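**Q** Pasting the sequence and the predicted coordinates here, then a few questions.
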Amino acid sequence: MSRENKSQMAKNIGVSRQLLYYHHKQQIKDWTLKTNIEKVLHDHPSYGHKRLAICLNINKKRVLRVMKLYGLKPYRKRGKKFKYNKAKRELEFPNLLLSNIPQYPNHIWASDFTHIAFKGKWLYLATILDLYTRKIIGFSVLTNHSNELIINALLSATYHNPPAKILHSDHGSEYASQDYSNICLNLGIKQSMSQPGCPWENGYQESFYSQFKIDLGDPDRFNTLGELVYNIYITIYRYNHLRIHSKLKMPPVLYSRRYYLLHRQCV
């Protein structure tokens with residue numbers, strides 16, 4: 001591709017020409033360290049980055065950087081924990097993220113849901129996040145956390161995107177239900193799960209929700225449930241289209257657009 005074509009492509013997607021050549025050279029090394037950190041946390045869930053660095057015999061700054069990059073946090077019980085559905089899990093799946101690294105958009109997705117307090121009641125948000133682009137590609141909002149909540153999020157993701165090869169989640173009973181598994185099977189998606197009691201293994205979603213709730217602000221400032229739901233949609237839109245992601249150095253939608261433009265030129 002000529003210099004002129006590169007310049008025009010960069011102009012089309014709103015980035016500098018130099019950024020088209022940017023690649024995460026440390027991606028494989030960082031992913032390997034991430035899996036090693038998770039293995040240590042499985043046996044020592046309260047270890048912070050300093051103890052992890054000693055255990056792994058590497059620099060603590062590097063450990064801290066990778067933990068921030070992938071949203072890994074030590075498990076420390078703080079006050080009363082919100083309890084989700086404790087129904088018996090129907091199915092079990094291994095953690096495929098220990099042996100797979102996202103290589104392209106819609107290769108690996110991560111799924112989760114969170115609760116939002118609103119005027120003494122609960123609202124639930126389920127999301128599907130693409131691990132390569134860090135884009136929220138599907139979500140669902142309901143007043144309960146039934147199987148319908150997470151199924152709607154999955155169907156939302158597959159409406160505009162090809163099904164992922166791998167779909168990761170925590171060990172919640174909703175994701176281990178036969179109904180959810182059958183949908184994944186029919187779509188050709190392999191399920192992956194964090195090990196029980198290992199929330200850091202789904203750190204991508206944990207990290208997203210942490211920032212999302214800051215950006216959303218106090219839900220009780222809204223007058224109605226409809227107003228809150230509208231602002232949830234707006235906050236997700238801003239995350240995808242406007243908010244610069246620290247890992248990508250640009251918003252997820254722009255990163256995704258850049259990927260497809262570059263690979264279209266290479267075909």
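**A** Here it is on my side, so go on. Predicted model, so just to flag it, every value in this text is computed and none were measured. Numbers count the residues shown, from 1 in each chain.
**Q** Where does the nearest residue to Thr127 once chain neighbours are set aside sit: helix, strand or coil?
**A** Nearest residue to Thr127 in three dimensions, chain neighbours excluded: Phe139, at 4.5 Å (CB to CB, 6 or more residues apart in numbering). Yep, even glycine has a C-beta here, placed from its N, CA and C like the rest. Counting by DSSP: H, G, I helix; E, B strand; the rest coil, the backbone at Phe139 sits in strand.
**Q** Give me the neighbour count for Phe139.
**A** By other CB atoms under 10 Å, the residues close to Phe139 number 20.
**Q** which residues does it contact?
**A** Residues near Phe139 by CB atoms under 8 Å, 6 or more residues apart in numbering: Leu125, Ala126, Thr127, Ile128, Ala153, Ser156, Ile236.
**Q** Do you know the pLDDT at the last one?
**A** In other words, Ile236. As predicted, Ile236 sits at a pLDDT of 96.
**Q** Surely it forms part of a strand?
**A** No - secondary structure of Ile236 (three-state DSSP): helix, not part of a strand.
**Q** Would you confirm that it contacts Lys135?
**A** No - in this structure Ile236 lies outside contact range of Lys135 using CB atoms under 8 Å: 9.9 Å.
**Q** okay, those two: which has more neighbours?
**A** Shown here are Ile236 and Lys135; by other CB under 10 Å, Lys135 has more neighbours (25 against 20).
**Q** ok, that one to Tyr47 distance?
**A** Distance of Lys135 to Tyr47, given as CB to CB, to the nearest Å: 31 Å.
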